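Colleague: Prediction below, plus the sequence it came from.
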Amino acid sequence: DFSKIESTEQALDYEYFSLKKIATDMINIMEYQYHKNKDVKLNFVLEKDVPEFIRSDKKKLRHILMNLFSNAIKFTKKGNVTLKIKLIGEKKGLPFLKFSVTDTGVGIPDKKLDSIFGEYTQVENELQGMTKATGLGLSIVHKMVEALNGKVKVNSEVGKGTSFTFSIPVETANESDLHEVSDPYSFDELMGEKTLNILIVDDVPDNLFVLRSYLNIDRISLSLAHNVEQADFFMKEQ
């Protein structure tokens, strides 16, 4: 993702979608992926005046929220991680939405805040024994928010938690706009009375978590394999 952002100018892919749906889907995925951490509660607050249906770059917005939310969970051992979306006004006829991802985690030292969105920046906290990754997640977030004509900010206090916020302009839409661009055939219309048997093979556990969440449908029988040997076993069982 970072290489794509650096090598070419980011093209925006605008589409109509339900803001509430992508937020709840994202939280459902996170709850499944981090289900072992029972001490962290995931919350979503959508203020009443926020339009449910908007037009923006859905993929980039979802990627931004996933990165911020997974980061927050990673550095929160106990407490809450909350996504809040509110309408903060209009500019040039477009509503501006403010997104905030707030946690009750370990926090970020003041000396790290100025460079937190830099390439390969990692927050080091030896006392908490946290595992550090590539350090590209927040840099990607920063560049994607800028591509959406917004700016991301961070406020944090060590030992109390962190809040990442960004505001972006969006176009409002309604439910009929979604029907115009959605698949004309529903799952039930395509399937009839059939049941699908699906085998997914992937050696990355996180990918299997996400796919399993998306394909959690009654009439899909899903098998997940981490390697070829497991896949062969499932094929023989069928």
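Modeller: Thanks, I have the structure now.
Colleague: avg pLDDT for the helix or strand hosting N67?
Modeller: Using DSSP states H and E, N67 falls within helix 58-74. Averaging pLDDT along helix 58-74 gives 89.
Colleague: Just the buried residues of it, please?
Modeller: For helix 58-74, a neighbour-count test (16 or more other C-beta atoms under 10 Å) marks 58, 60-74 as buried. From N, CA and C alone the C-beta is placed, and that goes for glycine too.
Colleague: Beyond the helix or strand of the chain with the lowest mean pLDDT, next helix or strand please.
Modeller: Every helix and strand of the chain was ranked by mean pLDDT, DSSP states H and E. The lowest is helix 2-7, at a mean of 50. As assigned by DSSP H and E, the chain's next helix or strand after helix 2-7 is strand 14-18.
Colleague: Sheet-wise, list the partners of that next one with their directions.
Modeller: Strand 14-18 pairs in its sheet with strand 53-57 (antiparallel), by DSSP bridges.
Colleague: what's near enough to touch the residue nearest to the spatial centre of the chain?
Modeller: In the chain, the residue lying closest to the centroid (C-alpha atoms, centre = their mean) is M66, at 2.1 Å. Going by C-beta atoms under 8 Å, 6 or more residues apart in numbering, M66 touches 26, 29-30.
Colleague: could you dump those to a markdown table with pLDDT?
Modeller: Output for the contacts of M66, formatted as a markdown table (pLDDT from 0 to 100):
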| residue | pLDDT |
| --- | --- |
| M26 | 86 |
| I29 | 80 |
| M30 | 81 |
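Colleague: Nearest to F166 among those?
Modeller: Minimum distance to F166 across these is 15.1 Å, recorded for M26 (C-beta to C-beta).
Colleague: who touches the closest one in this structure?
Modeller: M26 neighbours (C-beta under 8 Å, 6+ apart): 62, 65-66, 69, 83.
Colleague: ok, back up a step: among the contacts of M66, name the ones in helices.
Modeller: The members of these that map onto helices under DSSP state H are 26, 29-30.
Colleague: Pick the one among these closest to F44.
Modeller: M26 (8.7 Å).
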